[in-house]
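Peer 1: Sequence and computational prediction follow.
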4 protein chains.
Amino acid sequence: MAMDTTGLAAALSTERRLLHAHAESGFTEFWTASHVAKALHDAGWEVKIGKDIMNKDFMMGLPAPGVLAKCRDRALAEGADPAFVARMGGGFTAVAGVMSNGPGPVNAFRFDMDAVDVQESGDPEHFPAREGFVSVHDGAMHACGHDGHTSIGLALARMLAGNKDAWSGTIKLVFQPAEEGVRGARSISESGFLDDVDNVVAGHLGILPDGTDRFHCGVGDFLATSKLDFHFQGVSSHAGMSPEKGRSALLAAAATAVHLSGIARHGGGATRINVGRMEAGTGRNVVPEKGLLVIETRGADSALNAYVEEESIRIAEGQAHAYGVNLRVERAGGALSSVSDPGLMELAAACATEAGYGRISHDALPLGGSEDFSYMMERVRGNGGKALYVVFGSDLAGPHHNGRFDFREADLVKPVLTLFNMAGRLSDR
Amino acid sequence: MAMDTTGLAAALSTERRLLHAHAESGFTEFWTASHVAKALHDAGWEVKIGKDIMNKDFMMGLPAPGVLAKCRDRALAEGADPAFVARMGGGFTAVAGVMSNGPGPVNAFRFDMDAVDVQESGDPEHFPAREGFVSVHDGAMHACGHDGHTSIGLALARMLAGNKDAWSGTIKLVFQPAEEGVRGARSISESGFLDDVDNVVAGHLGILPDGTDRFHCGVGDFLATSKLDFHFQGVSSHAGMSPEKGRSALLAAAATAVHLSGIARHGGGATRINVGRMEAGTGRNVVPEKGLLVIETRGADSALNAYVEEESIRIAEGQAHAYGVNLRVERAGGALSSVSDPGLMELAAACATEAGYGRISHDALPLGGSEDFSYMMERVRGNGGKALYVVFGSDLAGPHHNGRFDFREADLVKPVLTLFNMAGRLSDR
Amino acid sequence: MAMDTTGLAAALSTERRLLHAHAESGFTEFWTASHVAKALHDAGWEVKIGKDIMNKDFMMGLPAPGVLAKCRDRALAEGADPAFVARMGGGFTAVAGVMSNGPGPVNAFRFDMDAVDVQESGDPEHFPAREGFVSVHDGAMHACGHDGHTSIGLALARMLAGNKDAWSGTIKLVFQPAEEGVRGARSISESGFLDDVDNVVAGHLGILPDGTDRFHCGVGDFLATSKLDFHFQGVSSHAGMSPEKGRSALLAAAATAVHLSGIARHGGGATRINVGRMEAGTGRNVVPEKGLLVIETRGADSALNAYVEEESIRIAEGQAHAYGVNLRVERAGGALSSVSDPGLMELAAACATEAGYGRISHDALPLGGSEDFSYMMERVRGNGGKALYVVFGSDLAGPHHNGRFDFREADLVKPVLTLFNMAGRLSDR
Amino acid sequence: MAMDTTGLAAALSTERRLLHAHAESGFTEFWTASHVAKALHDAGWEVKIGKDIMNKDFMMGLPAPGVLAKCRDRALAEGADPAFVARMGGGFTAVAGVMSNGPGPVNAFRFDMDAVDVQESGDPEHFPAREGFVSVHDGAMHACGHDGHTSIGLALARMLAGNKDAWSGTIKLVFQPAEEGVRGARSISESGFLDDVDNVVAGHLGILPDGTDRFHCGVGDFLATSKLDFHFQGVSSHAGMSPEKGRSALLAAAATAVHLSGIARHGGGATRINVGRMEAGTGRNVVPEKGLLVIETRGADSALNAYVEEESIRIAEGQAHAYGVNLRVERAGGALSSVSDPGLMELAAACATEAGYGRISHDALPLGGSEDFSYMMERVRGNGGKALYVVFGSDLAGPHHNGRFDFREADLVKPVLTLFNMAGRLSDR
C-alpha cells in the first residue's frame, strides 16, 4: 500500500504535543482519556469507557479519592468533555474503540496513556520547552513516550476507519491508564474485554540506542513483579513510662525489612526483593503506632515472582504477630512474565519492512524490565490467542523517566504504518 | 525443751553422708526417695509416694523415659527398696509422711532431695573426698545442700514421732524431687496434697556468708521465672540445588533469639530474658530441619514474668510463621514470686533463738533468686494459710553448685531443733 | 518581710501574656531573649548574652541555619531589640543577669524560656484565646509554662535589684533556651559560667494535681537521657538490575532498630531504649541510600543511661559495618540524673511557708522525667556547691504539652516571693 | 594397543576392596596413603609425601591434633608402613609419584583417597558386606568411589611404569587427601608442585545414571564455594543478676545467621548462602560465651562466590562489633569455578573410545557441584597449561554419600585404559 505520510506526520506531531502538554499520572488521565474517547467517537469507533472494560477489583495503586477528584476537576477546567469525564470518576480512565468489519478474527492493539511523576525540564535545549508544549502539570511529564503511544493509537484508529477495505474482522483499540507502576492493565484484562481476542499487540517507543529506523520485532521476556505496600498498625505509648503498653509498628516493619532480604534464593532462577522505602513513627519518646514498607518483588518468571511474593507476605504476617501489631497488605502494582509469539514476530518484521524500517532485529529482546501488558498477553494466550510486544526505535534526547527525555516526532509515522499493516495481515489469521 | 544433741549430730552426719554418696538428679531420686520412704515408715509415719501427692501434668523438665529407667535400675542395684521404687516409676519420686496427733492445725514442712549436675571434686582437701563419701554417680553431686535438707527432714520426722507430747494437730513432711531447675514443686502443689495446710515451712542451708550460727527468719521475695524450650521443626533441603524447598529451623530459631532480646522493658518493674543455649542444623550444605532454643524468663513478680513469657511465646510463634516452620513450646520449669508471712517470721526467730542460734536476722532477705517452693507457698496462701521460707546458715567450703561445695555437718543440728520447736508452737495457731 | 503583692501580680500577668503570645521554639527565642535582656538591663543587671555564657560545642539539636535566620528576622519584625538580637545569631539565645552586692556566696537561679511545638487551641474556653494572647506563631505554644518561668525570673530580677538590703553576695539569673528536648542547658554549664556558683536553684510550674497553693520542696530523681539521631548513608542502585551494587541504608537502619531493642537489661536498675521514628529510602525499585533513626535512651541514673547509649552506638556501628554503609551519630539532646540537696530542700520549705504556701511537701518528688537543668546541678555539685529543683503548684486547665494547657496567673506570685526569700537566706550560707 | 585386561580387572578389584575396607576421612588417610606410597615405590616411581607437595597454610578443615594422632596410631596398628607414616604426621597425607621418561611435556593425573563420614550398610544385599570388605572404621565409608579412584591411579602407575615405550616426558600422579569438604587440593596446588605441569587431568566414577559404559568427556562448570566456620567468643554472666556484664555470643551468632540470609542477590548470576549449623551457649541462665556458625557460600563463578564470602565476613564482623564479642573466621574448605579445556575433552573422547567406552558424551556436563580439583585446574591454567575433568560412568547400587553406595568393580578397567591412552597422546602435546 502506498501512502502519502506527510499529512500523517503533521497530524501525529500536533496531537502528540497536545497530549504531552496535558501529562497526567496513572488513573488521573481524565483529560487524555476524554480526548481519546472523543477522537475515537469522531472517527466512527464504538467507544467503551471505564467500567465497560475495567474490573475495579484489580485497579492497583489507585490515588486517594481527593487526588482523583482534584485531577478530574482540573481536566474539566482544561476543557475535557464532561460527558466522557462523567464516566471516568474514581479513576476509571480506560478507553477503548471497537470496530467490526465483516467476518474475521478479533485483533487488539493496546496503547498506554499515563505520564511519569517527573518534573519536566524547562531548558530551551529541551525540544518541548523550545516548542512551547511542556507539561502544564507540575511534577507530571510524558517522560516515557506514552504521549507518542496514544497519538499512534489515534492515528491508527483514523487510518483503519478510513481504509476498511484493507482489513476485516473486528478490531479493538485499547487505551490503558496507569502503566507506570504496572497498575492499570490487569483491571482491563480481568474485565474480560479481551476474552474474544485472537491477537493482541502492543509496542513501545525508544528503548533501543541509536534507535531511529530500528524495529525490534518481539520481546522475549518480561520480569514478573509485584508492588506491595505493607501497612503496620501498632499501639503507641510513652516509651519511658510504660513501654510494655506499646506495640511498635516501627519494630515490626524493621524486622520485616530485615527478614524479607533473607528470603531463600530459588534454585529455579533469578528472584529479587527490595524494600524501597520505610516510614514509621513520630515522636522520639513515643512507641511508634504506624509503619509502612514499600516493597517490590521480581522473578524471572511468574512462578518465581509468586514464590517471593508469598514468602514476603508470610514474613510480614509473622513479624506482625511477633510484635503484636496488625498488618494490611496493599497491592500497588504487578506484572507477569510473558513472551512474544514467534509467528507474530515474523509477521511484525514483514510489516515493519513494508512500513519502511531499515534496521530490523528478528530475535527476541531481553528487556530485563516489567510491563503490565503482560496481563493482557497471558489472558489472550490463556484463551488460545497470540500476543506480541514490539519496540519502535527512535533517537532519544534523554533517558526514559528523565526530565529531558524526548523522542523524534518523525519516528511516530512508521509505527502507525506497521500496525496498520499488521491489522491487514492479521485479518485472515 | 532441753535435749542432748550428741546423738542427733551423729545421726545427721551418718545419714547425710549416705545421701551425699547417692546424689541423684531431679526426678531420678529413686534411691534417695526409697530411703526416705523407708525411714518415714520405720518412724511410724503414714507414707505417701509419687502419684499420691503428684499431679503428672505439672512435672516439668522430666528426663527421657530411657534415662528414668536406667536411673531406677541403678537405684535398685544400689539396694533401694523395690516395693517403694515400684511406686516411683517414670519419675514420681516425691515422698511425704503424714502424722496426726489429735486436734489442731495442719502444718507442713518441705525438704528437697535432688542433686545438681556437677562433677564432684576428688581433691583430698574436699571433705567428702577425704572422708570417703563423694558421690558415686558421675556428674551428679549434692552441691546445693539438699542432702542436708533431707537428713534434717528425717531427723525431724523421728523427733516428732518420738515426742508427740510436744505438738498436736497434723504434720505433713514433704520430700520434693527436682527443685533444681524449679521443676518439681508445682506437681505436688497441683495435686492438692497441701490444700488443707495451715502453715507451710521450708528452709535452705548455706547462702549466707560466714554462716555458722546465723539464721535468717524469712525471705522477702522470690523472682518469678519460666524455663521454656522452643523446638522448631522445618524442612531440610539441599542448600545449593533447591534452597527454596527448605524451611530453615535454624533461621527461625536465630530470628527468635534476636527478637526475644527485644521484648520491651516493663514500666512496672524488673524483667529478664535469656537465651541460654541454641542448637540447630547438621550438615554445612543442608537447610537445617531442627532448631532448639533454651530460654529463661524472669520477673520481679509473677505478673511481670507472665508478661515476658507471653511476649516470648508470641515472638516465637511469629518467627515460626515467618520462616514457615512449626513450633513446639515445652515448659521445662517455673517458679512464682512469693513472700514470707511476717507472723511466721517472728515465730521462727523465737524458735531459732531457743534452738541456740546466736545471730538472727529479723528482716526479709532479698534473695534475688527463684525457688519452686513458691508454688506451695502461693497454694497455701491462696487457701488462707501462711507460708515461710528461712535460711539456716553454715560455713561453706565452696560456692553453691560448685564441685567443692560443702557445709559444716555440725550445722545440721540447729535446723532440726528450730523446726521441731516450730511444730510445737504452730500446734495452737 | 511584708510585701504588697497586688502590683507584683499585675506585672507578672502582663509580662507573662506578652511572652506567651511570642512563643518561640528552642534556640529561636530571639524575641523572648531580647525582651529578657532589655528587662535585666533596665533593672540594673549586668547582662550576658549568647557566647558569653554558652559553649557552642554542646548546643544540641540546633535547628537548621535557614530556620534560625528566619526566626531571627521574625523577632526583629516583631520589635525585638536589634542590638541584643545581633549577639544571638545562630541560636545563641541564652541570657543572664549578674549582680554583686558585697561579700557573700554566689547564688544562681535558672529559668527556661522556650515553647513547645504544639498548636495552641483557639477555643474561647481556652483562657489565652479568650483574653487575646494566644501564640502568634503557628505550631509554637507555651504549653509547659516557660512563659510563667521567665516572668517569675524577671519579677525576681526587679525585686532583688530593688531590695539590695535583703541579700548579699552575687546573684546570677540564668535564662536558658531549649529546655524542651533537653538541648540547651549543657551548653551553659559547659561554658563555665556557673563554676563559681555555691547554690543553684530552679523550679517548675504545674506538674502537681490540684496544685494551687502547693509547693514541693525538691525533686529526688531525674532520669538521665540521651537523644540521638543515627544517620545512615549507603549507596543506591537499581534493585532489579544490580542489587549487589547497592548498600541499603534502609536495611542498616532497620537492623539497628531491631537490635537496639535487644540491649541487655541492666542488673543495676531501670533502663529504656526507644526508636521513635525511622525514615529511609525513596523509590520502590531503588536500593535506599539514606536512612534515619530517631532514638532515645534513658537510665535511672547517668551511668545506666551511659550504658544504654554506649550499647546503642556500638550496635549502630556494627550494623553499619555489616551493611557496608556509613554512620553519623548526632546528639540531639541529653540530660543527667541528679538529686536535690536535702539542706536546700529544708530551706526552700521554710521560704515557701514564708511566701504563703499552704500545702508544702517536704519529701523528694519522684518526677520520672528528665530535665537538662541536671547538667547545671551536677556541674555545681561537682565544684562543691549545692543544687535544688522545686515545684510550684498551680491548677492547670489542660495537661502539659497540650494545646489547652494553662496555669493560674495568680499562682506566679508565690514563686517569686519564695525565690526572693531564698536569695536572702542563701546570702550567708 | 591391544591389552589383556583380565589380570587388570582382578588386580583392580583386589586393591579396591583393600582400600574400601580401610576407609579413612580427610587428612587421616594414613593407612591409604602409606599403601599408595609403597605401591608407587614398588612400581619404580619417585615418591613424594606430605610436606614435599603440600603447603600447610592451605590445609583446610584439619581435624584436631588428637584425632590425627589417634588415626595415625590406628593405621600403624593396621599395618601401615611406619617409615611412610612418619612423614605424614599432622595430616600431611598427600602422596605423589613422579616418573621422567625422556623429553616431553609434564602431565599430571590426580586421584582422591578420602572416605565419607557415613556409616556403611551391613545389609547382605550391600555388595561390600556380602563380599566381606565393608569398612572396618565405624562412621567412615568409601561412599563416593574414592577407593575406586585410588585403585585406578595405582593401576595406571604400574601400567605406565611397565610400558615406558608408550609415553614420554614426565608424569606426576597425585594422590590427594580430603577432597570431601573441598579441603585438600588447595594445599597441593599452593605448594607449587604442579607449576611445571602442561596438562592436568582428573575424573570421577559414577554420577551419571545408568552409567556403565558411559563416559563424559568434560565438566563445563564447577560452582565456586567457600566453607567457613564463624567462631564467636563473648563473655558469660549470670543472666538474672547482671545481664549487662555478659556479651552473648549466641545473639551475635543468631544475628549473623539472620543477616547472612539477607546478602543481596547478584545481578551477575546465581549465588547461595547457607547456615548449616549453629551451636551456642550452655546453661539456661547463663549469658552464652561461645557461638559457632557453620556456613557455606556458593557462586556460579569464583567472583560471585567471592562476593558472597566477602559479604558474609563483613556481616559477621559487624554483628560481632554490635554485640561486643570477638570473631574468628576459620576457612574449612573451598573450591573455585573452572572449566575443562575443549581440546583435552576431544582428546579424552578419542582415548575413551579406544578404551572401549560405547556411550560417549562430547559436550560439557553441568555438574552443579563443587570439586577442589578446581584449584589445580586454575593453577595449571594460570601457568599456561590445560585442565580436564572427566566422568567415568558406572551402574551404582545407591546414591553417592549413602551407606549403600557401590559401583561395579568391572567399570574400573576402562578408566585405567583411558587415562593410559591419554598419557600416551599427551606425550607430544
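Peer 2: It's in.
Peer 1: CA atoms for contacts and neighbours, from now on please.
Peer 2: Noted.
Peer 1: Can you pull out the low-pLDDT segments for the stretch 1-150 of chain A?
Peer 2: A:1-3 (pLDDT under 70).
Peer 1: For chain D, what is the nearest residue in it?
Peer 2: A:Cys144 (24.5 Å; Cα to the nearest Cα).
Peer 1: Identify the residue spatially nearest to that residue, adjacent ones excluded.
Peer 2: A:His400 (5.2 Å; Cα to Cα, 6 or more residues apart in numbering or on different chains).
Peer 1: do you know how far that neighbour is from C:Gly262?
Peer 2: 45 Å (Cα to Cα, to the nearest Å).
Peer 1: where does chain A come near chain D, residue by residue?
Peer 2: Within chain A, the positions adjacent to chain D are A:Val258, A:His259, A:Leu260, A:Ser261, A:Gly262, A:Ile263, A:Ala264, A:Arg265, A:Gly269, A:Ala270, A:Thr271, A:Arg272 by Cα under 8 Å from any Cα of the partner chain.
Peer 1: a markdown table please, covering the residues you listed and showing neighbour count and pLDDT.
Peer 2: Shown next, in a markdown table, are those (neighbours: other Cα atoms under 10 Å in any protein chain shown; pLDDT from 0 to 100):
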| residue | neighbour count | pLDDT |
| --- | --- | --- |
| A:Val258 | 25 | 96 |
| A:His259 | 25 | 96 |
| A:Leu260 | 26 | 96 |
| A:Ser261 | 23 | 92 |
| A:Gly262 | 25 | 91 |
| A:Ile263 | 23 | 94 |
| A:Ala264 | 24 | 93 |
| A:Arg265 | 26 | 92 |
| A:Gly269 | 13 | 90 |
| A:Ala270 | 20 | 91 |
| A:Thr271 | 28 | 94 |
| A:Arg272 | 26 | 94 |
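Peer 1: Give me the subset of those residues that lies in strands.
Peer 2: Mapping the residues of chain A next to chain D onto strands (DSSP state E) picks out A:Thr271, A:Arg272.
Peer 1: Tell me which two of the residues of chain A next to chain D sit farthest apart.
Peer 2: Greatest spacing in the residues of chain A next to chain D, by Cα to Cα: A:Val258 and A:Gly269 (22.3 Å).
Peer 1: Take the residues of chain A next to chain D and write them to CSV, including distance to D:His126.
Peer 2: Shown next, in CSV, are these (distance: Cα to Cα, whole Å):
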residue, distance to D:His126
A:Val258, 49
A:His259, 46
A:Leu260, 46
A:Ser261, 46
A:Gly262, 42
A:Ile263, 41
A:Ala264, 38
A:Arg265, 38
A:Gly269, 38
A:Ala270, 41
A:Thr271, 43
A:Arg272, 46
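Peer 1: Of the residues of chain A next to chain D, which ones also sit close to chain C?
Peer 2: Applying Cα under 8 Å from any Cα to the residues of chain A next to chain D, one finds that A:Val258, A:Arg272 fall near chain C.
Peer 1: what's the spacing between the most centrally placed residue in chain A and A:Leu205?
Peer 2: The residue lying closest to the centre of chain A (Cα atoms, centre = their mean) is A:Glu179, at 1.3 Å. Relative to A:Leu205, A:Glu179 is positioned 14 Å away (Cα to Cα).
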